[in-house]
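Asks: model this:
(chains A, B, C and D)
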2 protein chains.
Amino acid sequence: MQTALAAAQGCLGFAVRRSARAMAQYYDAALAPAGIKGTQFALLNAVFLLERPGMQSLAEALGMDRTTLTRNLRPLETQALLVLQAGADRRERHVVLTEAGLATLTAAQRLWEQAHGRLVHGLGADRSRRLLDDLRDLTALAKDV
Amino acid sequence: MQTALAAAQGCLGFAVRRSARAMAQYYDAALAPAGIKGTQFALLNAVFLLERPGMQSLAEALGMDRTTLTRNLRPLETQALLVLQAGADRRERHVVLTEAGLATLTAAQRLWEQAHGRLVHGLGADRSRRLLDDLRDLTALAKDV
DNA sequence: GACAAAAGAGTGCATATACACTCTTAACGT
DNA sequence: ACGTTAAGAGTGTATATGCACTCTTTTGTC
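Replies: Have a look, this model is predicted:
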């Protein structure tokens, strides 16, 4: 199998990124009935859990660049799933879910659970947990060095 | 730590993608002296190993969409690190490294080894191998279902 | 209180990603 | 040989990603 190319050399970066492409397609397909993509689901979910977060803290929670977040919010704003509100400090912008956003999130959560379940079932619960741990440490390592 | 948000729910897709962002930044920085990015290194490396591959087989080897590959080749073509040649079958396009491309690849390989070594050292050799295995299976799972 | 420094956030540019669609050329069936 | 089908690859559009730079507002210093 040619797919083993760079993976044959054991490049963690390549392996993770290739897997990320597969994950994106997998979750995008699973969440399509809700009208959002995988990254957008993670975004809505974070906004819901953090309750009116600022851009900076939201970006950090998601582990993505602040400027990437700004642009990723755009299509969700267009769909009216969330709105940006100015804070008391007028430099700040807070992200708030709309009712439509909450409804979409709720629908997406059910779809996510099914999709997630299939992966965990296929990989095994222990191995899934272990993989999450390994990825967390790898990510931390890459940011340290 | 807020970073645990969606990861707290153990979403494999989110964890892999967040890790991919970190890997991209890590390897991009490490390879900067060679003038290329992480994805471009993987691409050059694959072209080198496959020897004059067609678009289809190269895309499959890298686990990325055929149309993504077309565009990812563009900046490397501009830098004259590779060229596209028509095949005997004139529908086909073969990718070939230039001398400059080979030189860049060689330089990048040394930088990659150092960067890779730091990650493997930090994570441990056994755990690194295990992580690669887990990612391979996860990727296969996502493509199956 | 005025001015410099710092914090919060957006833009310009470039790459990465892939689906739907189109174009060109080869293979095939009669 | 001709027309249909299939194969190989590129484009249009949209999202994802982040660095360098800029803009606005607040904080801090005197």
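Asks: if we ignore the residues flanking it in sequence, what's nearest A:Pro75?
Replies: A:Gln40 (7.2 Å; CB to CB, 6 or more residues apart in numbering or on different chains). Every residue, glycine included, has its C-beta placed from N, CA and C.
Asks: isn't there a helix covering the one you found?
Replies: Yes - counting by DSSP: H, G, I helix; E, B strand; the rest coil, A:Gln40 is part of a helix.
Asks: buried residues of stretch A:31-51, list them for me.
Replies: For stretch A:31-51, burial by neighbour count (16 or more other CB atoms under 10 Å in any protein chain shown) applies to A:31, A:34, A:36-48, A:50.
Asks: quick one: buried residues of the lengthiest helix in chain A?
Replies: Longest helix of chain A, by residue count under DSSP state H: helix A:99-123. Of all the residues in helix A:99-123, those buried under the rule 16+ other CB under 10 Å are A:101, A:104-105, A:108-109, A:111-112, A:115-116, A:118-120, A:122-123.
Asks: helices and strands around that helix, which ones?
Replies: If contacts are counted by 3 or more CB pairs under 8 Å, 6 or more residues apart in numbering or on different chains; DSSP states H and E, helix A:99-123 sits against helix A:12-31, helix A:38-50, helix A:125-144, helix B:12-31, helix B:125-144.
Asks: please redo it, this time with the cut-off set to 7 Å
Replies: On a contact count with 3 or more CB pairs under 7 Å, 6 or more residues apart in numbering or on different chains; DSSP states H and E, helix A:99-123 meets helix A:12-31, helix A:38-50, helix B:125-144.
Asks: tell me which strands and helices the shortest one is in contact with?
Replies: The one in question is helix A:38-50. helix A:12-31, helix A:55-62, helix A:66-78, strand A:93-97, helix A:99-123, helix B:5-8.
Asks: that one close to DNA strand D?
Replies: Yes - using CB under 7 Å from any atom of the strand, we find that helix A:38-50 touches DNA strand D at A:Thr39, A:Gln40.
Asks: if we can go back for a sec, could you dump the buried residues of helix A:99-123 to JSON lines with pLDDT and distance to DNA strand D?
Replies: Shown next, in JSON lines, are these (pLDDT from 0 to 100; distance: CB to the nearest atom of the strand, whole Å):
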{"residue": "A:Gly101", "pLDDT": "96", "distance to DNA strand D": "14"}
{"residue": "A:Thr104", "pLDDT": "97", "distance to DNA strand D": "13"}
{"residue": "A:Leu105", "pLDDT": "96", "distance to DNA strand D": "14"}
{"residue": "A:Ala108", "pLDDT": "96", "distance to DNA strand D": "13"}
{"residue": "A:Gln109", "pLDDT": "95", "distance to DNA strand D": "17"}
{"residue": "A:Leu111", "pLDDT": "96", "distance to DNA strand D": "15"}
{"residue": "A:Trp112", "pLDDT": "95", "distance to DNA strand D": "14"}
{"residue": "A:Ala115", "pLDDT": "96", "distance to DNA strand D": "16"}
{"residue": "A:His116", "pLDDT": "96", "distance to DNA strand D": "18"}
{"residue": "A:Arg118", "pLDDT": "95", "distance to DNA strand D": "21"}
{"residue": "A:Leu119", "pLDDT": "96", "distance to DNA strand D": "18"}
{"residue": "A:Val120", "pLDDT": "96", "distance to DNA strand D": "22"}
{"residue": "A:Gly122", "pLDDT": "96", "distance to DNA strand D": "23"}
{"residue": "A:Leu123", "pLDDT": "96", "distance to DNA strand D": "22"}
